[in-house]
Structures are given as structure tokens and as C-alpha cells.
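J.: Here is a sequence together with a model predicted from it:
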Amino acid sequence: KDWVDNLQWDWCVSRQRIHGVPFPVWYCDDCGEVMLAKEEQLPVDPHERPPDSSCSCGGRSFTADCDVMDTWATSSMTPQIVGHFLEDEGFHNMVYPMSLRPQAHEIIRTWAFYTIVKSHHHFGIVPWGAAAISGWALAPRGSGKISKSRGGGPSTPEEMIERYSADAVRYWAASTALGKDTIISEEKIQAGAKLVTKLWNVARFGETFLRGYHPPSMPPSLSPTDRWFLSRTHSTIRLATKAFQNYDYATAKSALETYFWRDLADNYLELAKGRLYGQEEAPREGAKYTLYKTLLATIKLFAPIVPHVTEEIYQQLFSSHEGVMSLHRSPWPEGDPSWEDELAERVGEAIVEAITAVRRFKSERHLPLATEIPRLQVGTEDQALRDQLHDAVLDLMSSTRASQVEVVDRLDPSLQELPSFGIRIAIAIDPIPNA
């Protein structure tokens with residue numbers, strides 16, 4: 001009531017847009033008289049049907065009004081408009097009530113309330129199963145909502161898309177949970193562009209080994225590293241799927257980034273490179289199988305957030321084998337229960353810890369990561385873990401550039417022990433050069 005009482009007479013009830021509810025109004029081409037639809041003729045699209053009667057001047061040629069109603073007049077009917085109510089009964093019955101209403105928080109008491117009341121009054125049901133309430137995009141100082149009347153902010157969405165890509169802007173938009181306002185951050189958009197580039201580069205690397213590759217129905221012999229990464233993939237699929245189902249896309253995005261950057265890009269690829277480029281068929285096939293399954297799952301999981309680069313990767317590497325025209329019409333990844341392996345995850349974490357310790361050692365001494373290490377020892381008193389680590393020696397050599405890797409229960413005291421948490425790690429210093 002306050003809102004209506006405070007309206008000024010300059011409030012425009014029409015809009016010049018393509019989509020919307022048209023005014024049931026015609027203009028006589030002969031005399032210009034305004035012709036209104038009769039109540040029994042409603043609803044009517046004046047572009048599709050003429051008036052039921054001729055004009056008072058006798059004219060029978062009419063031009064339909066080109067404007068549509070302002071959304072304030074039709075917002076309570078959005079489910080019916082989208083569902084083609086009175087146009088396609090089958091389609092409307094299929095989509096209504098809908099599963100989700102996305103909107104911002106400033107129209108909860110208006111558009112959302114009106115729509116719920118109207119649906120309850122006319123149809124006896126709630127119009128949606130859930131409402132996703134997003135926040136506002138705020139100016140960099142957090143001083144207020146970005147709007148056209150305020151100039152659209154320091155940079156328009158078009159400028160950001162042109163500079164960094166649509167995927168990068170979507171990445172920023174998916175960084176904040178529902179119900180929260182967020183500051184427009186060019187730094188986060190840049191991080192999105194970095195993710196897009198890295199996804200593309202990882203796919204380009206994988207293309208060397210996966211072009212034309214069809215994974216066998218039964219997995220080949222897998223290394224401990226392969227089993228670790230498949231298990232990590234399975235748990236990430238479950239976590240991200242649950243988050244997406246709860247409309248918690250920010251949590252899904254965070255989990256996917258940790259998985260992609262830490263597990264896939266930084267560690268698994270480095271661990272598997274030696275086998276992928278190697279001449280031995282069995283170790284190479286295990287790495288190819290794992291890379292195919294996990295990279296396919298990765299782009300499917302990222303597809304809701306960065307749809308364009310993931311679609312391009314899918315078309316180049318996976319579409320022909322899956323027989324689906326688009327990534328966005330392909331099945332959602334479900335993983336494989338047989339991938340779940342608690343011991344493999346413990347082994348993988350131990351391997352990652354060893355790699356991290358060696359990288360830190362080189363970085364602190366300003367040595368290139370490709371610097372060779374004469375001897376590396378990985379120590380643990382856990383027999384089961386030690387047995388698995390023995391089978392991962394080839395991958396440890398590949399990722400640490402160690403000439404010799406030993407898995408032991410006790411470290412050689414003549415070696416320098418590196419700081420670590422779970423397992424114990426030691427390396428031979430000489431003849432590593434000093435920086």
C-alpha cells in the first residue's frame with residue numbers, strides 16, 4: 001500500500017521489449033481510434049487476432065500495439081508465462097509447478113509473494129519447489145548495488161566478458177553462496193580466466209595420449225597412484241553432486257578447484273608423466289585409462305560453472321566416443337563404487353606429501369624443480385602403506401626427479417630428513433648444487 005500510495009504519475013506501465021505480455025489493444029488504420037479487446041476475448045495476442053468487431057468508422061484494418069506490460073503487472077504470472085499457459089496445456093502440465101525459482105532478495109515481499117498467492121488462489125498449489133535467493137553485485141567499495149541508473153559500475157559485464165571470457169565472469173558469479181551480496185572483483189574474474197586456461201592446457205596435454213582412445217570396459221592394471229586419483233575423483237563427484245543438488249554451487253566450486261589444482265594438475269599429471277611417455281605398455285595403459293576417466297569427470301563437474309571451455313574440450317576428446325552431441329546433454333558423472341579405496345587414498349596422500357617436501361626443499365634453495373636428486377627415501381612403519389609405496393616408485397621418480405627411490409621402515413641417518421607430517425622423507429644432498 002505504501003509503495004502504491006507513493007507512486008508518481010510518471011510510472012510507465014509499458015515496456016518496449018520482445019518478450020512479455022502484450023496489451024490487448026489495436027489502432028484503427030483508417031481513423032486511429034483505440035480498440036480494446038472485449039472481456040470474453042481475453043487472453044488475446046493482438047498480433048495474432050484482430051478485434052471481434054469493426055471500428056466505429058467502419059474500418060476493418062488494424063495495427064496491434066507493439067508494447068508489452070511492465071513486469072510489475074505480470075510478475076505474479078511468470079510460471080504461467082514460461083509454461084505457455086492457455087497455449088500448450090501438455091507442456092504447462094509438465095513444467096508446472098516448477099522445481100526452482102531463482103531471484104534476488106529485494107523482490108521476496110513483492111514478486112515472490114504475489115506469485116505464491118496467485119498460484120495458491122487460482123491453482124491451489126505452490127508454484128515452485130524451492131526459491132534460490134541470490135544477492136546483489138556490489139560496487140568494488142561495497143557501497144551499493146550495481147544498476148544501469150548508476151552507470152553499470154566501473155566496468156560493464158560486456159567489458160569483463162570481452163577481456164576475460166564469459167566463463168571467467170561465471171566463475172566469479174559462482175564464488176558466493178546464495179543469499180549473500182558480493183563485491184564485483186576483477187581479481188576473482190582473473191582467477192576464473194586462469195582456471196579456464198589451465199583446464200584447456202591440461203586437456204591439450206591429455207590429447208597427446210587420449211586422441212582416439214577408447215577405454216576398456218574392464219580397467220587395466222592400475223598403479224597405487226591411479227587408484228588414489230580414481231578414489232579422489234569418486235569422492236569429489238559425490239561431494240560436488242550433493243552440493244549442486246542443494247543449490248550450493250559455491251561449495252561445489254571450492255571442492256572442484258581443490259581437486260583440479262592440487263590433485264590433478266599439480267600432482268597426478270606429474271606422477272603419471274613417466275608412465276604416459278614410457279615404453280612399457282601395462283603402466284602406460286593404466287595411466288591412460290585413469291586420465292581418460294578423471295578428465296572426463298572433471299569437465300562434466302565444471303560444466304555448470306565454466307560451460308564454454310568444457311564444451312570445447314568435450315567436443316575434441318570425448319564426444320565421438322560417448323555418442324552425445326553436447327557435454328551439456330551427456331550423463332552427469334556418477335563415478336564407480338569400485339574406485340572407492342581408503343588405502344589408496346592414504347597411499348596417495350603419502351605420495352603427495354613426499355612430492356611436496358621435495359618441492360619445498362628445492363624452492364627454499366632456489367633450485368629448479370627439474371633438478372635431479374641422487375637418492376630419495378620414504379619411510380613408514382606401516383607395512384600395508386609401505387607395500388603400496390613400493391609399487392609407486394616409478395611415479396615418485398618421475399615427479400621428484402630422483403635417480404633412486406627407496407621405501408623403508410627406517411631412514412638412513414646419513415641422509416637429510418625433510419620436514420613432513422605423516423611419513424618420513426629424506427634425501428641425499430650431494431651432489432645437489434647450492435643456489
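T.: Arrived safely. Computed from a predicted model, the values in this text were never measured in an experiment.

J.: Find the centremost residue of this structure, please.
T.: In the chain, the residue lying closest to the centroid (C-alpha atoms, centre = their mean) is residue 305, at 2.3 Å.

J.: That one touches residue 249, doesn't it?
T.: Yes. With contact defined as C-beta atoms under 8 Å, residue 305 and residue 249 form a contacting pair (7.1 Å). No exception for glycine: its C-beta is placed from N, CA and C like everyone else's.

J.: Name the residues contacting each of these two.
T.: Shared contacts of residue 305 and residue 249 (C-beta atoms under 8 Å, 6 or more residues apart in numbering): residue 174.

J.: dump the residue contacts of residue 44.
T.: Neighbours of residue 44 in contact, by C-beta under 8 Å, 6+ apart: 24, 37.

J.: what about it, distance to residue 396?
T.: 75 Å (C-beta to C-beta, to the nearest Å).

J.: where does the protein have its least confident helix or strand?
T.: Least confident helix or strand, the chain: helix 2-5 with a mean of 64, by mean pLDDT, DSSP states H and E.

J.: Outline the domain layout of the chain.
T.: As assigned by automatic domain parsing, the chain contains the domains 73-158, 206-339, 353-427.

J.: quick one on the thing from earlier: can you classify the residue nearest to the centre of the chain by secondary structure?
T.: At residue 305 the chain is in coil, as set by DSSP: H, G, I helix; E, B strand; the rest coil.

J.: what's the pLDDT at it?
T.: Looking at residue 305, its pLDDT stands at 98.

J.: swap in residue 18?
T.: 79.

J.: Going by secondary structure, it is in what exactly?
T.: For residue 18, there is no enclosing helix or strand under DSSP states H and E.

J.: For the residue nearest to the centre of the chain, which residues are in contact?
T.: Contacts for residue 305 were tallied using C-beta under 8 Å, 6+ apart; they are 167, 170-171, 174, 249, 252-253, 256.

J.: cool, residue 318 as well?
T.: Each residue near residue 318 by C-beta under 8 Å, 6+ apart is listed here: 296, 299, 327.

J.: same check, this time on residue 314
T.: Taking C-beta under 8 Å, 6+ apart, one finds 299, 326-327, 330 in contact with residue 314.

J.: Buried only: go through the residues you listed for me.
T.: 299, 327, 330 (16 or more other C-beta atoms under 10 Å).

J.: my guess is the second one contacts residue 303, does it?
T.: Read that as residue 327. Yes. If you go by C-beta under 8 Å, residue 327 and residue 303 touch, sitting 5.6 Å apart.

J.: quick one: common contacting residues for those two?
T.: Taking C-beta under 8 Å, 6+ apart as the contact rule, residue 327 and residue 303 both touch 310-311.

J.: Point out where this protein drops to low pLDDT.
T.: 1-11, 141-154, 429-435 (pLDDT under 70).

J.: picking that back up, the least confident helix or strand of the chain: what's the following helix or strand?
T.: Counting by DSSP H and E, what follows helix 2-5 is strand 14-15.

J.: Can you list the strands that that next one pairs with?
T.: Partners of strand 14-15 in the sheet, by DSSP bridges, are strand 68-69 (antiparallel).

J.: count of neighbours near residue 86?
T.: When neighbours are counted by other C-beta atoms under 10 Å, residue 86 registers 9.

J.: leaving aside the residues next to it on the chain, what's closest to it?
T.: Nearest residue to residue 86, sequence neighbours excluded (C-beta to C-beta, 6 or more residues apart in numbering): residue 43, at 6.2 Å.

J.: SS state for the one you found?
T.: Classified using three-state DSSP, residue 43 is coil.

J.: Please verify my assumption that residue 20 contacts residue 73.
T.: No. The criterion here is C-beta under 8 Å, and residue 20 misses it with residue 73 at 9.3 Å.

J.: could you pull out the helices for the stretch 201-350 of the chain?
T.: 224-245, 249-257, 269-277, 281-302, 307-317, 319-322, 342-364 (DSSP state H, counting those that start in this stretch).

J.: Now distance to residue 217 too, for the ones you listed, in JSON lines please.
T.: Output for these, formatted as JSON lines (distance: least, C-beta to C-beta, whole Å):
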{"stretch": "helix 224-245", "distance to residue 217": "16"}
{"stretch": "helix 249-257", "distance to residue 217": "27"}
{"stretch": "helix 269-277", "distance to residue 217": "21"}
{"stretch": "helix 281-302", "distance to residue 217": "11"}
{"stretch": "helix 307-317", "distance to residue 217": "19"}
{"stretch": "helix 319-322", "distance to residue 217": "13"}
{"stretch": "helix 342-364", "distance to residue 217": "21"}
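
J.: Mind checking those for the one nearest to residue 140?
T.: Smallest distance to residue 140 across the helices of the stretch 201-350 of the chain (C-beta to C-beta): 20.0 Å, for helix 249-257.

J.: So what's the residue count around residue 192?
T.: Per other C-beta under 10 Å, the neighbour tally for residue 192 reads 25.

J.: wait, doesn't it sit right on residue 163?
T.: No. With contacts counted by C-beta under 8 Å, residue 192 stays clear of residue 163, the gap being 11.4 Å.

J.: got the residue ranges for the strands in the stretch 51-200 of the chain?
T.: Applying DSSP state E, counting those that start in this stretch to the stretch 51-200 of the chain gives strands spanning 62-64, 68-69, 98-104, 128-134, 137-138, 182-183.
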